[in-house]
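# got a sequence here, can you model it:
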Amino acid sequence: MKAVAKFLIILFFIMIIFNTSFSQMQFMEKFISDTLSINMPDDSTLVDFINTYKITDTRKYSGKILGITQTNKYKYFPVDQYITLNNTVADLLAYKLTADSITLQNELVIDNLTLWNDWKPWFSKSRILNGHSYIADENGDPIKEWQWEIRLKKKRKQKTEENISNILSLWIDAQAEVLKQPVIPEFISPYKYRRQLLTWFDFIALSDGFIINSHLTLDFPKDQYDSYILGSGGVYYRKSSYHESIAIGGKDQQWLHRFSPSILGRLNTSLRLGFNSFNRDKFTFIDYWNVFMVNLGFTASAEYHPAYYKGLFCGVGLHLNINGLPYLPGKLNIIEPGLLLTIGFILP
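Purely as a prediction, here's the structure:
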C-alpha cells in the first residue's frame with residue numbers, strides 16, 4: 001500500500017507540473033504572437049459562395065493567412081503578427097472571377113504572396129505585395145506566369161488593416177484582368193521566384209579624382225516589368241588629390257526602364273551625409289564644419305542586363321556630383337561631372 005501511495009503522490013505532482021507547463025505554453029503562444037484581421041469588401045457576400053474554379057494556393061502560409069509580419073506588443077515587445085482574412089485567398093479571387101464572368105480553362109496556382117514595407121526608396125516608400133502565380137497544364141507544369149509587385153502608400157491616419165485590404169484588392173483586380181485574355185504559353189523564368197541578391201559598383205571618373213559607389217539590395221525579381229524602382233543607400237567613397245570623403249547609407253532611389261530584352265536604363269538620385277578628411281599639408285586652416293559632407297548625386301546610364309538573367313552585368317553612363325558645402329578650404333567645386341562605369345552581379 002505504501003508503494004501505491006507513493007506512486008499516486010508522484011503521479012499527482014507530475015499532473016500539476018504538466019498542467020502548469022501547458023498553461024504556460026498557451027500563455028507564451030499568446031504573448032509571442034498577435035493577429036491582425038483584414039476585412040475585404042466582398043466578405044459579406046461570400047457566405048453562400050461556392051468556388052467552382054480550380055485555384056490552388058501553394059504558399060507556405062495558405063488559406064486565410066495572408067502573411068506574417070512583426071509588431072510590438074505592449075509597445076515594447078517584438079512579436080510575430082499573423083495577417084488573417086475572413087475568407088481564403090482562393091475564394092476571394094474566385095469570387096472576382098465569377099463577378100467578371102471570367103472562364104478559367106486550366107488550373108491557376110498561387111505560390112507566393114509576400115507583404116512587406118519598403119523604406120529604401122527616397123520618394124516611393126510604400127507597402128508592397130510581391131507575388132507569383134501561374135497557369136498550369138494537365139501535368140501541373142507552368143505554361144504562363146506572372147510576377148507581381150503592387151505598391152501602395154499608406155495614407156495619413158489610415159489604419160493598417162485598410163491599407164492591406166486595398167493592396168490585396170488591387171492584386172485580385174490585376175490577376176482577374178490578365179485572366180480575361182486568352183492564355184498563350186510563353187517563356188517561363190528558369191529561376192524560382194524568391195528574393196534575389198543584386199549588387200553593383202559605380203566607378204566614376206572625375207577631373208580630379210574618382211568616386212566608388214557600392215550598392216546591395218535583396219528584392220524580389222521584376223523581370224516582367226518594363227519600368228520599376230529600387231532603393232539602395234550603399235557606401236560612397238570619394239578621393240581627390242587633397243581630400244577624401246565617405247558616407248554610408250543615405251537617401252537613394254533608382255528608376256529603371258527596360259528598352260530592350262537586353263538593355264536596361266537607369267536614372268539615380270541620391271543624398272548622402274558623411275565625413276571629409278583633408279590633406280593637412282595643403283591647407284593652413286580647417287574649420288570643424290569642414291569635416292561634414294553633404295552631397296547630391298545624379299546618374300544616367302545604360303546597362304547590359306538581360307531579363308531573366310543571373311550573373312555579371314555592366315553599364316556606362318554619366319554622373320553629376322553636387323557638393324552641398326561649397327566653402328570648403330581649397331575651393332572644392334560645387335558641380336563635378338564625371339564618367340560612369342557600372343559592374344555588378346545578380347544571384348537568384
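
# which single strand of this protein contains the most residues?
As assigned by DSSP state E, the longest strand anywhere in the chain is strand 263-278.

# pLDDT of that one, averaged?
What strand 263-278 shows for mean pLDDT is 92.

# neighbouring strands of whichever helix or strand comes after that strand in the sheet, and parallel or not?
Toward the C-terminus, strand 263-278 is succeeded by strand 292-304 as the next helix or strand (DSSP states H and E). Strand pairing for strand 292-304, using DSSP bridges, gives strand 263-278 (antiparallel), strand 311-323 (antiparallel).

# right, so these: which one is the most enclosed?
strand 263-278 (a mean of 18; mean count of other C-beta atoms under 10 Å). Using the backbone N, CA and C atoms, a C-beta is placed for each residue, glycine as well.

# how far does it sit from the chain's center?
Offset of strand 263-278 from its chain centre (C-alpha atoms, centre = their mean, to the nearest Å): 21 Å.

# hey, what's residue 247 bridged with?
Here residue 247, judged by DSSP bridges, has bridge partners residue 236.

# mind listing what it touches?
Applying C-beta atoms under 8 Å, 6 or more residues apart in numbering to residue 247 gives the contacts 235, 236, 272, 273, 274, 275, 293, 295.

# in JSON lines, list these along with distance to residue 109.
Converted to JSON lines, these look like this (distance: C-beta to C-beta, whole Å):
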{"residue": "235", "distance to residue 109": "40"}
{"residue": "236", "distance to residue 109": "43"}
{"residue": "272", "distance to residue 109": "43"}
{"residue": "273", "distance to residue 109": "46"}
{"residue": "274", "distance to residue 109": "47"}
{"residue": "275", "distance to residue 109": "51"}
{"residue": "293", "distance to residue 109": "50"}
{"residue": "295", "distance to residue 109": "47"}
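
# and the next element down the chain from the lowest-mean-pLDDT helix or strand in the chain?
Ranked by mean pLDDT, DSSP states H and E, the helix or strand of the chain with the weakest confidence is helix 2-31, at a mean of 48. Of the helices and strands lying after helix 2-31 in sequence (DSSP H and E), the nearest is strand 33-38.

# if you count neighbours, what's buried in the helix or strand that comes right after that following strand?
As assigned by DSSP H and E, the chain's next helix or strand after strand 33-38 is strand 55-57. Of the residues in strand 55-57, 55, 57 count as buried by neighbour count, 16 or more other C-beta atoms under 10 Å.

# who does strand 55-57 touch, helix- and strand-wise?
Counting contacts by 3 or more C-beta pairs under 8 Å, 6 or more residues apart in numbering; DSSP states H and E, strand 55-57 is packed against helix 89-99, strand 107-118.

# any weak-confidence spans in the stretch 151-300 of the chain?
285 (pLDDT under 70).

# just the helices in it please.
For the stretch 151-300 of the chain, the helices defined by DSSP state H, counting those that start in this stretch occupy 160-179.
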